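Undergrad: this one's sequence-less:
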Ligand SMILES: Cc1cc2nc3c(=O)[nH]c(=O)nc-3n(C[C@H](O)[C@H](O)[C@H](O)COP(=O)(O)OP(=O)(O)OC[C@H]3O[C@@H](n4cnc5c(N)ncnc54)[C@H](O)[C@@H]3O)c2cc1C
């Protein structure tokens, strides 16, 4: 692949310099919401491609000459308010149906594991992170 970077300032000085470098298949909008706009078949394929993309980033990072410090990590997607709990449960059921490795955590389980409380959360296994510094 041939790539040209055109940069008016310093490469990597924009939002790239301050991001948390998480690589998740989940985005800002829930898949169950996206199904309303695009249909289930389309979103299932979208999800499959997102999962493949993380695998490809992992394979590329292993083969690349420049160390990218890719590592696998889990992530937690928690409900912000009690109204979110049912929505989150539906999202979890969709992800599970699509074969993703996810757990649905209830309030008590969250409080046991973490120093905070939420009504519910989706725990996802096998997301990714770049430039991991061993924090
Ligand atoms: C706090 C924070 C946390 C984030 N965390 C994550 C995360 O965990 N995971 C994730 O996937 N995403 C995350 N993001 C989003 C991610 O950082 C951005 O989507 C990504 O960095 C965008 O990259 P970019 O190259 O498009 O833009 P930028 O990195 O902003 O680069 C744009 C570049 O264009 C240059 N430029 C502007 N105008 C011109 C011009 N006319 N000619 C030439 N060059 C020009 C600028 O100088 C700049 O360097 C986060 C963002 C923020 C702010």
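TA: Looks like it came in fine. What you are looking at is a predicted structure, and each value in this text was computed from that prediction instead of being measured.
Undergrad: In the protein, which residue sits nearest the ligand?
TA: residue 14 (2.2 Å; C-beta to the nearest ligand atom). (C-beta placed from N, C-alpha, C; glycine too.)
Undergrad: and stretch 111-130, how far apart are its ends?
TA: In stretch 111-130, first residue to last residue: 29 Å (C-alpha to C-alpha, to the nearest Å).
Undergrad: Give me the contacts around stretch 74-88.
TA: Outside stretch 74-88, the residues within contact range by C-beta atoms under 8 Å, 6 or more residues apart in numbering are 22, 24, 26, 30, 32, 104-105, 110, 114, 118-127.
Undergrad: is the biggest strand by length in the chain anywhere near the ligand?
TA: Assignment by DSSP state E gives strand 120-129 as the longest strand of the chain. No - judged by C-beta under 6 Å from any ligand atom, strand 120-129 makes no contact with the ligand; its nearest approach is 8.1 Å.
Undergrad: Next, residue 76: secondary structure please.
TA: Using DSSP: H, G, I helix; E, B strand; the rest coil, the structure places residue 76 in strand.
Undergrad: Repeat that for the one 4 residues further on.
TA: At residue 80, secondary structure determined by three-state DSSP is coil.
Undergrad: count of neighbours near it?
TA: Counted with other C-beta atoms under 10 Å, the neighbours of residue 80 add up to 9.
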